[in-house]
Structures are given as structure tokens and as C-alpha cells.
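Q: take this sequence and fold it.
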Amino acid sequence: MTNQSRKRHLAKTITWRITATLTTFLLTWFISDDIKIGIAVGSWEFGIKMALYYFHERIWYSSNFGLDKSKRKSQ
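A: Numbering: from 1, shown residues only. A predicted model of the protein is given here:
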């Protein structure tokens, strides 16, 4: 695996996490009507789910599931 693909996975992880956390924060704030609760939930969710997503992405990258073996680049 190249260093470029690791950087790409990390960039995708961070940008997706920002989008998803903003959504969670806004929904929590709207439902609870308390911005502090929205910030607290969003903060916890950001760290935990960013790590989970990164490792999930790395596992899928190393998997051949659903790929045509003749078209897969050798690593």
C-alpha cells in the first residue's frame, strides 16, 4: 500500500467525520433544545466514530470481497 492511499483514507475519514458530526450535533441540539448537550454528544461521537471509520476503511481496502481479481492491482 502506498503512502498516498493512507493519506487519502485519512483525508476521507476526517472530512466524512466532520460532516457526520455536524449532523449529529445539530440533531441533538434540535431534539434536546440544549446546545451544551449537542456539543457534548458531537464531541464524543467525533473521536469514537473517526477511529472506527478509519479502521473499517483499512479493512475493506485490504479485502478482495466483491472485486474482480483480474482487475485488482498487485500490491
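
Q: what are the boundaries of the helices in this structure?
A: For the chain, the helices defined by DSSP state H cover 3-32, 35-62.

Q: any low-confidence regions in this protein?
A: 1-2, 70-75 (pLDDT under 70).

Q: adding distance to Asp68 and mean neighbour count, write the helices of the chain out as CSV.
A: For glycine as for every other residue, the C-beta is placed from the backbone atoms N, C-alpha and C. As requested, the helices of the chain are exported to CSV (distance: least, Cβ to Cβ, whole Å; neighbours: other Cβ atoms under 10 Å):
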stretch, distance to Asp68, mean neighbour count
helix 3-32, 19, 14
helix 35-62, 16, 14
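
Q: JSON lines for those, including distance to Lys69?
A: What follows is those, written out as JSON lines (distance: least, Cβ to Cβ, whole Å):
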{"stretch": "helix 3-32", "distance to Lys69": "19"}
{"stretch": "helix 35-62", "distance to Lys69": "14"}
